[in-house]
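A.B. asks: how would this look folded up:
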Amino acid sequence: MLETMTLVVTGAASGIGRAVVIEAAARGVRNILATDMNEQGLQSLDKEVPGTTRLATIVADLSEAAAAADVATRARGEFGRIDGLVNAAGITTRADFLNGTAEDFDSIFKINTRAPFLLMQEAIRDMRARGGGGTIVNIQSMNAHCGAPELALYAASKGALQTLTKNAANAHLHDRIRVNGINLGWVQTEAEHRMQTQILGQPNDWAERAGRSLPLGRLLEAEEAARLTVHLLSPESAPMTGVCIDLEQKVVGAPG
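C.D. replies: The predicted model follows:
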């Protein structure tokens, strides 16, 4: 049951991660550890979750290899266990085959692939030690199927994460640990707004203009991703495992 779950959420100060924390608390999750580099954003979560939810936070830089163990230690110290994990933290650095550097590769993979692997490792060890099973949801990307040219390294990192999702699900079937992923399409978040306006030089109404050509007339919303994430965390989605769901306004493989 969600009410008895201790949940760890990365990237929780904003965007998808923040929406997951809020949705999970609204659905009854009582113990949540939220982590991010943005301390102010983490602190402001208190105002958005009900008083019945015990919310703990830890500021962590997931580009550091030791961060995963620090997060897991805090979760066990605060709540005694880890029942659920959502890897929502990620970066979308632009880098293609002509201008991507070794430094770009390392920085993207440290956060988008290595950190989720190490966090899954910590969570799975805890779940196995208690013998109670658990659930993990990885926030992936539609770019994992191929990716836009300017997102070659980002796409590769998310493709690797998709493989890790399926591998972990297969490896831990008999431990009753379910591992699923969501391949997200274009979502309107604070991070995407900063990327579009500050890095790519788009005007502030970029999202409205981009959405006009899409079936829904808008970009996806963080809350839509959060609802699916919490469904995958919950017993309602059992026995689903090793599944990577495309959450996008198109059907992959359909005629263009």
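
A.B. asks: what segments of the stretch 151-256 of the chain are strands?
C.D. replies: 177-184, 187-188, 220-221, 244-247 (DSSP state E, counting those that start in this stretch).

A.B. asks: any weak-confidence spans in the chain?
C.D. replies: Scanning the chain for pLDDT under 70 picks out 256.

A.B. asks: pull the contacting residues for the residue nearest to the spatial centre of it.
C.D. replies: The centroid of the chain falls nearest to residue 88 when counting by CA atoms, centre = their mean (1.8 Å). For residue 88, the contact set (CB atoms under 8 Å, 6 or more residues apart in numbering) comprises 9, 10, 11, 12, 15, 16, 17, 20, 139, 229. In this view, the C-beta of every residue, glycine as well, is placed from N, C-alpha and C.

A.B. asks: I'd say the fourth one and residue 43 touch.
C.D. replies: No: the pair residue 12 and residue 43 fails to qualify as a contact (CB atoms under 8 Å) at a distance of 11.2 Å.

A.B. asks: which of those two has more neighbours?
C.D. replies: Counted by other CB atoms under 10 Å, residue 12 and residue 43 do not tie: residue 12 has more neighbours, with 29 against 13.

A.B. asks: in terms of helices and strands, where is the closest residue to that one other than its chain neighbours?
C.D. replies: Counting by CB to CB, 6 or more residues apart in numbering, residue 12 lies nearest to residue 34, which is 3.5 Å off, once chain neighbours are set aside. When elements are assigned from DSSP states H and E, residue 34 belongs to strand 31-36.

A.B. asks: give me the contact list for the very next helix or strand once past that strand.
C.D. replies: For strand 31-36, the following helix or strand on the C-terminal side (DSSP H and E) is helix 39-43. Residues from elsewhere that reach helix 39-43 (CB under 8 Å, 6+ apart): 12, 13, 14, 18, 34, 35, 36, 57, 59.

A.B. asks: what about residue 66, distance to residue 119?
C.D. replies: 12 Å (CB to CB, to the nearest Å).

A.B. asks: so for those two, which sits in the more crowded spot?
C.D. replies: residue 119 (26 against 10).

A.B. asks: so that one sits against residue 72, correct?
C.D. replies: Yes: at 7.3 Å, residue 119 counts as touching residue 72 under the criterion of CB under 8 Å.

A.B. asks: give me the common contacts of the two.
C.D. replies: Common contacts of residue 119 and residue 72, defined by CB under 8 Å, 6+ apart, comprise residue 8.

A.B. asks: between the two ends of stretch 166-186, what distance do you get?
C.D. replies: In stretch 166-186, first residue to last residue: 23 Å (CA to CA, to the nearest Å).

A.B. asks: pull out the buried positions in that stretch.
C.D. replies: Neighbour counts over stretch 166-186 (16 or more other CB atoms under 10 Å) mark 166, 168-169, 172, 176-186 as buried.

A.B. asks: how about stretch 121-128?
C.D. replies: Those would be 122, 123, 124, 126, 127, for stretch 121-128 by 16+ other CB under 10 Å.

A.B. asks: between the two ends of stretch 181-195, how far is it?
C.D. replies: By CA to CA, the extent of stretch 181-195 from end to end equals 24 Å.

A.B. asks: name the surrounding residues that touch it.
C.D. replies: 14-16, 92, 137-142, 144-145, 158, 161-162, 165, 206-207, 210, 214, 218-222, 225, 228-229, 232, 243-250.

A.B. asks: and those residues, which of them are buried?
C.D. replies: In the contacts of stretch 181-195, burial by neighbour count holds for 14-16, 92, 137-142, 144-145, 158, 161-162, 165, 206-207, 219-220, 222, 225, 228-229, 232, 244-249, counting by 16+ other CB under 10 Å.
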